[in-house]
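>>> quick one, what's the 3D model for this:
(one chain, ligands or ions: 1)
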Amino acid sequence: MTVRAADPAAAGQRGHSPVVLRTSGLTWRVGGFTIVADVDLAVREGEFVSVIGPNGAGKSTLVNLLSGVHAPTAGRVELRGQDVTRRRPADRVRLGLGRTFQTSSLFPGLTVLENARLAAQARRGSLALWRRPSPTDAATRTAVQRLEEVGLAHRAGDLVALLPHGDKRKLEIAVVLCCDPAVLLLDEPTAGVSAEEVAPLVDVVRAVHARGRTVVMVEHHMELVTGLSDRIAVMHRGRLLLADSPEVVMADATVREAYLGVAP
Ligand SMILES: Nc1ncnc2c1ncn2[C@@H]1O[C@H](COP(=O)(O)OP(=O)(O)OP(=O)(O)O)[C@@H](O)[C@H]1O
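Numbers count the residues shown, from 1 in each chain. Predicted coordinates:
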């Protein structure tokens with residue numbers, strides 16, 4: 001697959017942007033094992049940071065710590081300068097952290113638009129779900145905009161259960177965007193999608209970032225992240241090995257040996 005290199009000039013400018021998400025000494029232990037160990041990571045506004053690493057490296061656990069699914073054993077998570085370490089996932093969503101999951105979180109019996117609209121309605125604090133949706137109300141307008149953003153407006157009336165898997169992943173992104181997140185956390189967006197659906201999905205992720213959004217994406221496949229990311233954070237056995245530009249990461253001897261099978 002051809003992937004456009006991240007714009008180095010834009011990435012340089014982001015070096016001066018404020019930090020929106022920061023972890024310090026983030027650690028999670030369970031059953032005598034340290035799953036995430038002492039992770040320090042700062043993500044700047046507008047940045048695209050990918051987190052890669054082999055199976056079991058601790059990537060999903062890191063996302064769970066960022067989004068509040070797990071409470072850390074030690075360390076801290078800051079969102080827009082605010083300590084959210086002990087805040088519940090729903091609070092973090094309200095404070096601007098939106099995430100997708102590896103497994104689908106959609107309502108299969110509702111339409112594409114209904115799924116997006118529910119998220120937009122929840123964001124507006126209106127859970128008067130019994131009210132008849134109107135095509136012109138604010139929640140519907142937001143939902144339609146987000147569906148356009150991910151290229152799904154033409155499927156607005158389709159039942160989610162009937163969508164191809166790649167379109168479900170796009171809809172999950174639209175649903176999170178309906179909550180207007182300051183940081184979008186994507187947990188393996190291409191997991192389970194067919195080979196031909198990967199490129200269109202990557203294009204959606206790229207377009208979402210190009211609109212100025214901050215993205216943190218967990219992904220297995222090195223070849224997908226190099227063209228998208230300003231920085232790649234490499235996890236290994238729960239530790240953050242390095243977080244740097246794709247060029248530096250690709251040239252790193254340990255990374256080349258561990259992930260690309262290239263002898264040093
Ligand atoms: N609740 C738990 N209890 C015990 N061990 C856990 C728990 N959650 C995760 N682990 C272990 O922690 C390690 C890291 O898991 P994690 O899912 O974060 O890795 P990952 O890098 O996301 O892997 P993958 O790419 O396969 O999704 C694994 O060895 C996993 O078995």
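>>> okay, the strand or helix carrying residue 92 in PDB with CA atoms only?
In this assignment (DSSP states H and E), residue 92 forms part of helix 89-94. Provided in PDB are the C-alpha atoms of helix 89-94 (Å, rounded to 0.1, in the frame of the first residue of the first chain):
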ATOM      1  CA  PRO A  89     -13.900   6.900  31.600                       C
ATOM      2  CA  ALA A  90     -17.200   8.900  31.100                       C
ATOM      3  CA  ASP A  91     -15.600  11.900  32.800                       C
ATOM      4  CA  ARG A  92     -12.600  11.600  30.500                       C
ATOM      5  CA  VAL A  93     -14.900  11.600  27.500                       C
ATOM      6  CA  ARG A  94     -16.500  14.800  28.700                       C
END
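>>> quick check: buried residues in that helix?
Neighbour counts over helix 89-94 (16 or more other CB atoms under 10 Å) mark 92-93 as buried. Heads up, the C-betas are built off the backbone N, CA and C, glycines and all.
>>> could you point out which element follows it?
For helix 89-94, the succeeding helix or strand toward the C-terminus, using DSSP H and E, is strand 97-99.
>>> just the helices in the chain please.
Assigned by DSSP state H, the chain shows helices spanning 8-14, 59-67, 89-94, 112-123, 138-149, 165-177, 195-210, 222-225, 246-251, 253-260.
>>> between these, which one is nearest to the ligand?
Nearest to the ligand, of all the helices of the chain, is helix 59-67, at 3.3 Å by CB to the nearest ligand atom.
>>> show me what the mean pLDDT comes to for that closest one.
Average pLDDT, helix 59-67: 95.
>>> one more: stretch 137-146?
The model assigns stretch 137-146 a mean pLDDT of 92.
>>> once you drop chain neighbours, what's closest to whichever residue of the stretch 101-250 of the chain sits closest to the ligand?
Going by CB to the nearest ligand atom, the ligand is nearest to residue 220 of the stretch 101-250 of the chain, at 5.7 Å. Nearest residue to residue 220, sequence neighbours excluded (CB to CB, 6 or more residues apart in numbering): residue 188, at 6.6 Å.
>>> go on, residue 202?
residue 224 (6.1 Å).
>>> what's the neighbour count on residue 41?
By the measure other CB atoms under 10 Å, the count of residues near residue 41 is 20.
>>> tell me how far it lies from residue 19.
10 Å (CB to CB, to the nearest Å).
>>> cool, residue 120 as well?
Going from residue 120 to residue 19 by CB to CB gives 28 Å.
>>> look at the two and report which has more neighbours.
Ranked by neighbour count (other CB under 10 Å), residue 120 and residue 19 place residue 120 first, with 25 against 15.
>>> so who does residue 252 touch?
Neighbouring residues of residue 252 by CB atoms under 8 Å, 6 or more residues apart in numbering: 234, 241-242, 244.
>>> give me the below-cutoff pLDDT ranges for the stretch 51-200 of the chain.
Residues of the stretch 51-200 of the chain meeting the criterion pLDDT under 70: 102-103, 123-135.
>>> need the residues of this structure near the ligand, please.
Contact residues (CB under 6 Å from any ligand atom) of the chain with the ligand: 30-31, 35, 53, 55-61, 220.
>>> for those residues, work out which two are farthest apart.
Farthest-apart pair in these is 31 and 220; separation 24.8 Å (CB to CB).
>>> have a look at those two and say which one is more surrounded.
Neighbour count, other CB under 10 Å: between residue 31 and residue 220, residue 220 has more, with 16 against 5.
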